[in-house]
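> build the 3D model from these lines:
(one chain, ligands or ions: 2)
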Amino acid sequence: MSAILSATGLVKSFGGVQAVDRADLEVISGSITGLIGPNGAGKTTFFNLLSNFITPDDGIVQFKGDRIDKLQPHRIARKGMVRTFQVARALSRLSVLENLLLATQNQTGETFWNVWTQPKRIALEEKQARDRAMEILDSIGLIQKANDYAGGLSGGQRKLLEIGRAMMTKPELILLDEPAAGVNPTLINQICDYIQYWNRQGVSFLIIEHNMDVIMGLCDRVWVLAEGRNLAVGTPEEIQTNDKVLEAYLGA
Ligand SMILES: Nc1ncnc2c1ncn2[C@@H]1O[C@H](COP(=O)(O)OP(=O)(O)OP(=O)(O)O)[C@@H](O)[C@H]1O
Ligand SMILES: [Mg+2]
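Ligands and ions are numbered 1, 2, ... in the order given. Presented below is the predicted three-dimensional model:
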């Protein structure tokens with residue numbers, strides 16, 4: 001059981017606030033791993049540090065054995081690790097399909113030069129991206145909305161689109177920040193099915209979530225943060241009955 005992602009001794013303070021205070025985390029390759037903790041525990045900041053959207057004050061992040069804590073987020077994405085945001089960031093004035101196509105990478109690039117020298121290759125890449133987008137939209141139940149403005153989607157559908165956008169880049173690890181927040185129960189089930197479907201295809205997940213049914217139903221292992229520090233790690237069952245965890249939640 002090797003780690004696809006490991007973080008050691010991460011530190012981040014904002015002025016006087018120690019948001020993350022020497023915290024560790026590991027995602028086993030092929031797993032669905034949870035990250036939970038009371039509001040303000042530092043979970044989103046931790047994600048920002050893992051994906052280098054915010055530079056850590058200290059600590060090491062390794063993805064597939066390589067240090068990534070000095071890499072730009074887009075380079076990390078290219079290596080196979082992508083993240084979604086607590087507030088979904090779909091582009092409302094683009095169609096659902098266009099939102100997915102925008103997320104593709106590793107393309108030859110439609111530069112003036114390439115269009116002249118490699119028109120077939122570009123046409124092929126565009127077709128492949130479109131096919132993948134349609135397959136993803138089909139799997140998340142949004143195919144009927146492919147040509148609708150993303151702005152017209154419900155909150156839950158936007159969350160699905162956000163995960164779909166992440167899937168476009170064929171990642172090996174996806175970090176999801178509260179995929180079930182503000183989503184109705186039917187769609188939550190659909191999001192969980194979707195996560196499990198992609199997990200069976202070999203994609204690892206790290207999920208921040210307050211909805212304990214989601215965490216307990218999906219995760220192999222759960223890490224608990226409180227006040228920026230590691231409070232506990234274990235199976236969902238172990239975490240559910242851990243006194244320190246219960247205390248942190250009740251005291252919050
Ligand atoms: N950019 C920032 N500037 C200043 N303080 C920040 C910033 N981002 C986060 N914080 C503070 O760091 C702490 C951790 O916040 P963070 O958003 O990481 O918590 P969280 O565990 O994701 O909470 P929630 O469950 O509510 O999403 C909080 O005290 C927050 O106010
Ligand atoms: Mg958060």
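> all contacts plus neighbour counts: C-alpha atoms, from now on.
Will do.
> and the helices in this protein?
For the chain, the helices defined by DSSP state H occupy 43-50, 73-79, 96-102, 112-117, 119-139, 155-168, 185-200, 212-218, 236-240, 243-251.
> pLDDT weak spots in the stretch 101-250 of the chain?
Scanning the stretch 101-250 of the chain for pLDDT under 70 picks out the ranges 105-119.
> so which residues on it come close to ligand 1?
Not one residue of the stretch 101-250 of the chain sits near ligand 1, judged by CA under 6 Å from any ligand atom.
> neighbours around the nearest residue to residue 214 once chain neighbours are set aside, how many?
Distances taken as CA to CA, 6 or more residues apart in numbering place residue 192 nearest to residue 214, at 7.2 Å, with adjacent residues excluded. Look at residue 192: counted by other CA atoms under 10 Å, it has 16 neighbours.
> next: the one 4 residues further on.
The tally of other residues near residue 196 (other CA under 10 Å) stands at 18.
> okay but it is in contact with residue 219, surely?
No - contact status for residue 196 versus residue 219: not in contact, 9.9 Å apart, counting by CA atoms under 8 Å.
> quick revisit: could you redo the helices of the chain as CSV and give each row distance to residue 57?
CSV is the format used below for those (distance: least, CA to CA, whole Å):
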stretch, distance to residue 57
helix 43-50, 9
helix 73-79, 17
helix 96-102, 32
helix 112-117, 41
helix 119-139, 37
helix 155-168, 27
helix 185-200, 32
helix 212-218, 29
helix 236-240, 29
helix 243-251, 26
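> nearest to residue 29, out of these?
helix 185-200 (10.4 Å; CA to CA).
> tell me the helices and strands packed up against the closest one.
helix 155-168, helix 212-218 (3 or more CA pairs under 8 Å, 6 or more residues apart in numbering; DSSP states H and E).
> most tightly surrounded among these?
helix 155-168 (a mean of 23; mean count of other CA atoms under 10 Å).
> quick one: that one to chain centroid distance?
10 Å (CA atoms, centre = their mean, to the nearest Å).
> quick one, it and helix 185-200 angle?
Counting by axes from the mean of the first three to the mean of the last three CA atoms, to 10 degrees, helix 155-168 lies at 10 degrees to helix 185-200.
> give me the contacts around helix 155-168.
Contact with helix 155-168 is made by 82-84, 88-90, 96, 99-101, 103-104, 129, 132-133, 136-137, 140, 142, 150, 174, 176, 179-180, 182-184, 187-188, 191, as judged by CA atoms under 8 Å, 6 or more residues apart in numbering.
> hmm, which of those are the buried ones?
In the contacts of helix 155-168, burial by neighbour count holds for 82-84, 88, 90, 96, 99-101, 103-104, 129, 132-133, 136-137, 140, 142, 150, 174, 176, 179-180, 183, 187-188, 191, counting by 16 or more other CA atoms under 10 Å.
> report the contact partners of residue 128.
Residue 128 sits in contact with no residue, where contact means CA under 8 Å, 6+ apart.
> for the residue nearest the centre of the chain, what are its contacts?
By CA atoms, centre = their mean, the chain has its centre lying nearest to residue 175, at 2.3 Å. Residue 175 makes contact with 47, 81, 82, 83, 84, 205, 206, 207, 208, according to CA under 8 Å, 6+ apart.
> try 6 Å
Contact analysis of residue 175 by CA atoms under 6 Å, 6 or more residues apart in numbering lists 83, 205, 206, 207.
> going by distance to residue 35, which of the residues you listed wins?
The closest of the contacts of residue 175, once distances to residue 35 are taken by CA to CA, is residue 207, at 5.9 Å.
> right, and that closest one touches residue 34 too?
Yes - here residue 207 reaches residue 34: they are 4.8 Å apart, a contact under CA atoms under 6 Å.
> any idea what the residue nearest to the centre of the chain is bridged to?
residue 83, residue 206 (DSSP bridges).
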